[in-house]
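*Asks:* Got a sequence here, can you model it:
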Amino acid sequence: MSKLSLSQINIYPIKSCAGIALSSSKVEQKGLEFDRRFVLTTTNGTFITARTDSTLCLVQTEVCATGLRLNAPGMPELTIKYSDFSDNYQMVKVWEDNIKGQYCHPKYDQWFSQYLGKTCKLVFFGEQSKRQVKNSQSQVSFADGYPFLLISQQSLNDLNSRLATPVTMSQFRPNLVVDNSTAFEEDTWKKVRIGEIEFEVMKSCSRCIFTTVDPKSAKKYQAREPLTTLQKYRKDKKGDLLFGQNLIALNTGKLTLNDEVVVTEKQAPTIYFDQTPTSARRHRNLASQLQASDQAATKSVEIVFSSWDVKHQGNNQTSILEQGETAGLNIPFSCRAGICGRCKVKLNRGEVRNLNVLNGLTEQEVNEGYILACSCIPQTDVEITKS
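*Replies:* Numbers count the residues shown, from 1 in each chain. Okay, here's the model as predicted:
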């Protein structure tokens with residue numbers, strides 16, 4: 001059998017924007033050089049990603065000596081210069097972490113705000129920025145939680161063998177792709193050496209709605225693939241759908257394509273759970289539910305967010321989570337795909353169209369009137385309270 005080797009090296013200079021394939025890269029503790037060093041935020045500092053603004057993935061980035069060059073559909077080219085950056089730092093919230101980020105420049109904000117159609121700011125992970133990896137002394141920049149993501153090509157091949165329409169590796173946004181393994185062999189790796197760099201596997205990567213976005217069009221795949229298929233054989237006991245491994249680097253140095261990959265320590269793989277008959281029926285009904293939702297005539301509905309003391313005049317086309325965000329509410333969320341259950345709220349009155357086919361709620365919670373804000377679309381006036 002051929003030796004394991006490094007077949008892709010990818011960086012994503014601006015979080016959620018298009019990646020760059022490299023032939024080699026410098027490895028720093030907080031990630032590959034230039035990876036996730038920029039992030040867009042709302043005016044209050046909350047990070048923005050393609051989970052909510054999918055067209056971010058169409059922003060093409062080129063690294064140059066003085067900064068970055070950006071191109072996006074319908075926009076003039078933007079040059080970002082490190083020399084333009086402000087000396088001011090502001091707090092950036094990425095999930096549960098509050099990070100000091102270096103504010104860049106108003107003209108960069110204007111470019112992104114025009115492109116996204118919403119007010120936002122561009123922030124850099126500067127010299128004063130610090131963020132520690134959970135349960136580790138390692139640092140990480142603006143990545144979701146870990147500085148490196150590794151996936152094997154054979155794992156993607158296995159997934160694609162189960163899909164009607166294959167997906168690309170770019171939908172999973174890995175930094176490192178390994179070839180010549182067996183499918184999901186990386187689940188068993190605890191420590192691995194790639195070229196001159198030693199890595200430790202911290203945890204499997206839980207996948208979110210971003211994986212359903214086509215990186216070439218920014219449109220979401222119907223039937224929420226590949227999550228729908230991952231649900232069938234890559235769901236752990238918490239309900240997370242796992243694909244890929246999060247790593248930290250134990251030293252610094254350089255990676256080059258075709259570097260040999262050597263597994264130096266192994267661990268027991270995660271135990272996965274097959275979908276229940278109930279979820280199987282939900283999967284079969286997904287396409288018809290989505291089609292019915294798309295074809296429903298648009299109408300106005302009132303959404304009463306009682307726990308927040310807010311009434312919002314909304315519609316019957318978008319999720320309660322999205323409409324809550326439009327109303328300025330901070331409803332907790334994570335995957336935005338009906339998996340994690342973090343956006344659970346209680347439906348006190350009214351009717352919703354439930355697209356939650358991914359089992360983010362228990363049967364008891366459903367019977368008690370709980371719904372997932374990310375996966376439910378109001379069909380009538382509704383009243384919502386916190387869980």
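*Asks:* low-scoring stretches of the stretch 151-300 of the chain, by residue?
*Replies:* 274-296 (pLDDT under 70).
*Asks:* That one: strands as residue ranges?
*Replies:* 176-179, 189-194, 197-206, 242-249, 253-256, 261-266, 300-305 (DSSP state E, counting those that start in this stretch).
*Asks:* helices or strands up against the first one?
*Replies:* Helices and strands touching strand 176-179, as assessed by 3 or more Cβ pairs under 8 Å, 6 or more residues apart in numbering; DSSP states H and E, comprise strand 5-11, strand 148-152, helix 153-160. Just so you know, the C-beta spots here come from the backbone N, C-alpha and C atoms, and that holds for glycine as well.
*Asks:* ok, now with 10 Å
*Replies:* Strand 176-179 sits against strand 5-11, strand 148-152, helix 153-160, strand 189-194, strand 242-249, strand 261-266, with contacts defined as 3 or more Cβ pairs under 10 Å, 6 or more residues apart in numbering; DSSP states H and E.
*Asks:* Listing partners with orientation, what would you give for that strand?
*Replies:* With DSSP bridges as the test, strand 176-179 is paired with strand 5-11 (antiparallel), strand 148-152 (parallel).
*Asks:* As JSON lines, those with mean neighbour count would be great.
*Replies:* Shown next, in JSON lines, are the strands paired with strand 176-179 (neighbours: other Cβ atoms under 10 Å):
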{"stretch": "strand 5-11", "mean neighbour count": "19"}
{"stretch": "strand 148-152", "mean neighbour count": "24"}
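*Asks:* now those strands in CSV, with distance to Val63?
*Replies:* Shown next, in CSV, are these (distance: least, Cβ to Cβ, whole Å):
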stretch, distance to Val63
strand 5-11, 8
strand 148-152, 18
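*Asks:* related to what we said a few turns ago, for the strands of the stretch 151-300 of the chain, which one sits closest to Arg342?
*Replies:* Closest approach to Arg342 among the strands of the stretch 151-300 of the chain (Cβ to Cβ): strand 197-206, 11.2 Å.
*Asks:* helices or strands up against that closest one?
*Replies:* Strand 197-206 packs on strand 148-152, strand 189-194, strand 242-249, strand 253-256, strand 261-266, going by 3+ Cβ pairs under 10 Å, 6+ apart.
*Asks:* How many residues are close by Asp240?
*Replies:* 21 (other Cβ atoms under 10 Å).
*Asks:* what sits against it?
*Replies:* The neighbourhood of Asp240, defined by Cβ atoms under 10 Å, 6 or more residues apart in numbering, consists of 203-208, 230, 234, 270, 334-335, 339-340.
*Asks:* how about it, phi and psi?
*Replies:* phi -70, psi 150 (degrees, to the nearest 10).
*Asks:* just the one 10 residues further on next, same as before
*Replies:* Main-chain torsions, Leu250, degrees, to the nearest 10: phi -90, psi -10.
*Asks:* Distance-wise, check the residue lying closest to it once chain neighbours are set aside relative to Val261.
*Replies:* Excluding the flanking residues, the one nearest Leu250 by Cβ to Cβ, 6 or more residues apart in numbering is Glu198, at 4.1 Å. Distance of Glu198 to Val261, computed by Cβ to Cβ, to the nearest Å: 12 Å.
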